[in-house]
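sequence first, then the predicted structure:
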Amino acid sequence: MNEENFENDATMVALEKRLGISRRSFLQLCAAMAATMGLPDDAAAAMVKAVATKQRPSVIWLHFQECTGCTESLLRAEHPTLEKLILDVISLDYHETLFAAAGHQAEAARRAAMKAHKGKYILVVEGAIPTKDNGIYCKIGGQTAIEMLKECAADAAAVVAIGSCASWGGMPSTPPNPTGAKSAGEVLGRVIPNIPGCPPNPYNFLSTVVHFLTFGKLPDVDSIGRPKFAYSRLIHENCERRPHFDAGRFAMEFGDAGHKQGYCLYKLGCKGPETYANCPAILFGDVGNASWPVGTGHPCIGCTEKGIAFTKPIHALADVKTMRPPVGFPRIVEEQGVGATLGAAVLTAAVAGAAFGAGAQLAKNLGKGVKLDESEPAKKLEERNPS
Ligand code: FSX
Ligand code: SF4
Ligand code: F3S
C-alpha cells in the first residue's frame with residue numbers, strides 16, 4: 001500500500017476527522033486486518049477506500065437469549081477507538097440495547113429500516129433462540145424470537161450470528177436446555193456465518209464487516225460457518241505456554257509454583273487443545289501482553305466450541321487433537337539427550353509468536369521468573385513435574 005498517496009488524499013483527511021484517529025493509525029489497522037484475514041497486500045488499500053467512500057451498510061441487530069456480553073465487549077473494548085470504528089463503519093439502524101427509542105417506536109424503526117434497505121441490510125443475531133413450547137420463552141413486541149428472526153432474515157443481504165449463543169446455542173443451551181435453545185442457523189435451517197465466543201473478539205467482527213463493505217461478500221467460512229481467518233487454528237497451536245506443554249511442565253493447582261511461572265494449564269482443564277480460535281494471536285482489548293484467558297492464568301473453557309464450553313466439566317482434561325508441536329517450536333528432546341532448554345524455548349517461541357503477532361508476549365511470559373539452566377536433562381524436568 002502506498003501510504004504517501006493516502007497521506008495526501010482529501011478523502012483520508014475527511015476520514016481522519018470522522019473516525020477521530022490518525023490516517024496512519026487507520027492505514028495500519030487496515031493492513032493488520034488484511035494480514036489477519038490472509039488477504040493480499042492491495043486488500044488493505046481497498047479496505048481504506050471502502051471505509052472512506054462507500055455508504056455504510058445498514059445493520060439490524062437482534063437480541064435473544066443471552067447476557068448482552070457480545071455488545072458489551074464491543075463497547076467496553078479497552079481500545080478507545082474500536083467501538084467508534086465499528087459504529088462508524090456500519091449504520092446501526094436497530095439495536096435494542098443501544099436504541100434511545102423504546103416500545104412501539106423501536107419496533108416501527110426496525111420495520112422502517114427493513115423497508116428502506118430491503119435486500120441490502122446485514123442482520124446480526126446475538127443470543128440463542130428458545131424453540132420449546134412454540135418459542136414462548138422469549139417474546140419481543142408480541143413476536144416470539146423465532147418469528148422475529150425469520151421475518152428479519154427474509155430480506156437481509158446477509159445474516160451473521162455473533163457470539164456462541166447465536167452460533168450454536170451457547171450458555172442458554174447448557175444441558176438440560178430447559179427452553180430448547182438453538183442457534184440462529186438451526187432455526188433458519190441453513191449454515192450462516194457465525195463469530196462464536198462468549199463473548200467473541202470484537203476485532204473479528206470488525207474484520208468481517210470491513211470485508212463485506214470492501215468486497216460485497218463475507219469472508220470464507222468453514223463447514224460450520226466460522227470465518228476461516230479466525231477459527232482455523234487450535235488455540236493450543238499458538239499458545240505462549242505451549243513449550244511448557246511439550247516439555248511436560250504443568251500448573252497442578254491455581255497459585256502453585258508452576259502456575260506462578262506461567263506453566264501450561266492443561267491439567268487445570270484448559271480446553272485450548274480442542275478449541276479453534278485466534279485468541280492468543282490477536283488478544284483482547286488494548287492492555288497489551290497476555291490479555292487473553294490463558295495469558296491471565298485461567299484455562300481456556302472452549303467458549304467458541306459447541307459441546308465443550310457449558311457442556312464439558314470445567315476441570316475435565318481436553319481431548320488433545322494434535323500431539324505434534326508446531327514446527328516453529330523447540331524440540332523436546334535434543335539429539336544429545338537433554339531436554340529443550342528454557343532459553344531455546346523462549347527464543348523459538350518468540351520467533352514463532354512473532355508470526356502470529358504475539359512474539360513479545362511469548363518471550364516475556366516464558367522468561368518470567370524462570371532460572372535458565374542450559375544443561376538440565378529432560379528426566380529432571382519430569383521429576384520436578386510429576387504427571
Ligand atoms: Fe453473552 Fe452474547 Fe456469551 Fe452469549 O455473548 S457473552 S452469553 S455468547 O450471546 O451476550
Ligand atoms: Fe496453552 Fe492450554 Fe495448550 Fe497448555 S493446554 S499449551 S495452556 S492452550
Ligand atoms: Fe474463549 Fe478460550 Fe478464547 S475461553 S476467549 S476460546 S481462550
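Thanks, I have it. Ligands and ions are numbered 1, 2, ... in the order given.

my read is that residue 135 contacts residue 146, right?
Yes: here residue 135 lies in contact with residue 146, judged by CB atoms under 8 Å, at a distance of 4.2 Å. Yep, even glycine has a C-beta here, placed from its N, CA and C like the rest.

find residues that contact each of those two.
When contacts are counted by CB atoms under 8 Å, 6 or more residues apart in numbering, residue 135 and residue 146 have residue 129 as shared neighbours.

number of nearby residues for the nearest residue to residue 88 once chain neighbours are set aside?
Counting by CB to CB, 6 or more residues apart in numbering, residue 19 is the residue found nearest to residue 88 once chain neighbours are left out, at 5.9 Å. Neighbour count of residue 19, defined by other CB atoms under 10 Å: 19.

residue 26 too?
Neighbour number of residue 26 under other CB under 10 Å is 21.

so it sits in a strand?
No: counting by DSSP: H, G, I helix; E, B strand; the rest coil, one finds residue 26 to be helix, located in no strand.

contact partners for it?
Residues near residue 26 by CB under 8 Å, 6+ apart: 12, 15, 16, 19, 48, 51.

correct me, but the second one touches residue 50?
The one in question is residue 15. No: Residue 15 is beyond contact range of residue 50, at 11.0 Å (criterion: CB under 8 Å).

measure the residue in the chain that ligand 1 sits nearest to to residue 162 for me?
Here the chain gets closest to ligand 1 at one residue, residue 69, 2.5 Å apart by CB to the nearest ligand atom. Distance, residue 69 to residue 162, using CB to CB, to the nearest Å: 10 Å.

ok, the two, which is more surrounded?
residue 162 (30 against 18).

is the more buried one bridged to anything, and to what?
Beta-bridge partners for residue 162, by DSSP bridges, are residue 126, residue 195.

isn't it up against residue 124?
Yes: at 5.5 Å, residue 162 counts as touching residue 124 under the criterion of CB under 8 Å.

how much space between residue 88 and residue 156?
21 Å.

so between the two, which is more surrounded?
When neighbours are counted by other CB under 10 Å, residue 88 and residue 156 differ, and residue 156 comes out ahead with 22 against 16.

contact partners for the more buried one?
Going by CB under 8 Å, 6+ apart, residue 156 touches 60, 119, 121, 122, 123.

if we use 6 Å, what do you get?
121, 123 (CB atoms under 6 Å, 6 or more residues apart in numbering).

pLDDT at it, what is it?
At residue 156, the pLDDT value in this model is 96.

now do the one 4 residues further on
Residue-level confidence at residue 160 comes out at 96, pLDDT.

these two touch, right, it and residue 124?
Yes: contact criterion CB atoms under 6 Å: residue 160 and residue 124 qualify, at 5.2 Å.

the two - which one has more neighbours?
Under the neighbour definition other CB under 10 Å, residue 160 and residue 124 were set side by side, and residue 124 has more, 29 against 26.

quick check, that one in a strand?
Yes: according to three-state DSSP, residue 124 belongs to a strand.

what's the burial count for residue 15?
Neighbours of residue 15 under the rule other CB under 10 Å: 20.

got a list of what residue 101 touches?
Contact analysis of residue 101 by CB under 6 Å, 6+ apart lists residue 109.

sec struct for it, please.
Secondary structure, three-state DSSP: residue 101 is coil.

any low-confidence regions in the stretch 1-150 of the chain?
Counting by pLDDT under 70, the ranges of the stretch 1-150 of the chain that qualify are 1-8, 76-82.
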